[in-house]
Each structure stands twice: as C-alpha cells, then as structure tokens.
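Asks: got a predicted structure here, sequence first:
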Amino acid sequence: AEETGLIIPMGEWVLRAACEQLVAWHKAGHRGLYVTVNLSGLQLQLPNIADTVRSILAETGLNPACLTLEITESMLMEHVEATLATLVALKSTGAKLAIDDFGTGYSSLAYLRRFPVDVLKIDRAFVREMTVNADDASIVLGIIALAHSLRLKVVAEGVETKDQYEALERLGCDLMQGYLWSPPLPAAQFETRFLPTAVVG
C-alpha cells in the first residue's frame, strides 16, 4: 500500500473509522475507552496531515484527548527537522503522540527530548526474551526509566505470558498490550468479550 500510495486514502479511512467507532462506544456509555491509530511514513510526510486529523476529529465529534497517533521510531529519524515540525502540528490537534517500536530505530536522545510525544512503546523483540535474557530485561528497564524521567508513559508490546506481565509490572511499566489478553478482534467481538452492557447518560 505504501509503494502504490494507497496507504494515504487507506490511512485516512482507518483513522475516520476508528474515531467513529470510539464515539459510538462513548455514546453507549463506555466513556473510559480511547483509541490508538498508526500513521504510515507517507502520511507523516503529507503537509496537511494535521489538518486531516483535525477535520476527522471535528467530523466525528471525538474528544482529541481520546486519540493517540503512533509513529515508528525509524520514521521519526528519517527527516528529523521536518518530522519535528509535523509532530508539533499533530500535537496541536489535541491528540496524543506515541513512538512505536521504541528501541529498534537508533534514535538520538538529544532528538527524543525535542519530540512532543506522550508515550514510548517498547518493541516486542525486547519483551519476548526479557524473562530469559538479562540483556533484554536491562533494555526494558532502561526504556521504562528513560520514559518516566522524560515524564512519558510507557507501553510494552507483544506481552504473551503471565511471566512477562509480572516482570513488566515489577519494573513499573504503565500499560501493556498483547495476546495474553486477546488477539486483534472485530468491533462486535470486542464488545461481546470486553464491554459490559453500559447505561447511556
């Protein structure tokens, strides 16, 4: 999709659909939910990407604070100054920003403190081996400490076992995601499995 350019209309559709679904869940009484949407490298290069996000938020009526936009670490480092300006524009929409796959993109800490991000997501490659590999455990601990020192939340990706969950909890990881809880699900199955019947109002 990136090679053909289709990722741009697809990415816009995904963002709108995610925002619409979250608004529907909020209206059904599940007001504690938020949504995270990945942006592709091509989307990040669009000069009007912040305007697109702002327009979709307005169209759907979603509170911007309930939306997090994920950008991979490697994408951030390709064109640092241009990316920084784009991140500032995206931040002005009111949405939160997350760096995805952190630890794999060789980002400079000098740049990291300039990026207006809210969340670091630890790449699953480190989480996978952290309970059996002391080096990976040290990297995870270091990322958590770095994130907290910069007043950022940290999310661990790819959590699949109770041992990983307990180790991450001991290290002070804020949030986790992975197959330990569920594989990706269609919205209807997500509702059945995770959302109790809510009362509107």
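Replies: Yes, it's here.
Asks: contacting residues around the helix or strand of the chain with the lowest mean pLDDT?
Replies: Least confident helix or strand of the chain, by mean pLDDT, DSSP states H and E, is helix 109-112 with a mean of 76. For helix 109-112, the surrounding residues in contact (Cβ atoms under 8 Å, 6 or more residues apart in numbering) are 76-77, 80, 84, 99, 146, 150. (Glycine included, C-beta is placed from N, CA and C.)
Asks: least confident of these?
Replies: Ranked by pLDDT, the contacts of helix 109-112 bottom out at residue 77, which has 77.
Asks: how close does that residue sit to residue 99?
Replies: 10 Å (Cβ to Cβ, to the nearest Å).
Asks: more neighbours: which of these two?
Replies: residue 99 (25 against 15; other Cβ atoms under 10 Å).
Asks: which strand residues bridge the more buried one?
Replies: residue 71, residue 120 (DSSP bridges).
Asks: now do the end-to-end distance for stretch 177-190.
Replies: 14 Å (Cα to Cα, to the nearest Å).
Asks: and that stretch, which residues are buried?
Replies: 177-178 (16 or more other Cβ atoms under 10 Å).
Asks: repeat for stretch 145-159
Replies: Residues 146-147, 152-159 are the ones in stretch 145-159 that count as buried (16+ other Cβ under 10 Å).
Asks: now do the contacts for the residue nearest the centre of the chain.
Replies: The centre of the chain sits closest to residue 70, judged by Cα atoms, centre = their mean, with a distance of 4.1 Å. Neighbour list for residue 70: 36-39, 98-100, 121 [criterion: Cβ under 8 Å, 6+ apart].
Asks: let's see 10 Å
Replies: 36-39, 96-101, 117, 119, 121, 155 (Cβ atoms under 10 Å, 6 or more residues apart in numbering).
Asks: with residue 147 instead?
Replies: Contacts of residue 147 by Cβ under 10 Å, 6+ apart are 99, 102, 112, 117, 119-122, 153-155, 172-174.
Asks: now swap in residue 10 and tell me
Replies: So residue 10 contacts 1-2, 40, 43 (Cβ under 10 Å, 6+ apart).
Asks: mind doing that once more with 6 Å?
Replies: Contacts of residue 10 were listed using Cβ atoms under 6 Å, 6 or more residues apart in numbering, and they are residue 1.
Asks: repeat that for the one 5 residues further on.
Replies: Contact partners of residue 15, counting by Cβ under 6 Å, 6+ apart, are 37, 56.
Asks: quick check: pLDDT value at it.
Replies: Residue 15 is given a pLDDT of 98.
Asks: where does it sit: helix, strand or coil?
Replies: What DSSP: H, G, I helix; E, B strand; the rest coil gives for residue 15 is helix.
Asks: so after the helix or strand hosting residue 147, what's the next helix or strand?
Replies: Residue 147 belongs to helix 134-149 when assigned by DSSP states H and E. Following helix 134-149 in sequence order, the next helix or strand is strand 153-156 (DSSP H and E).
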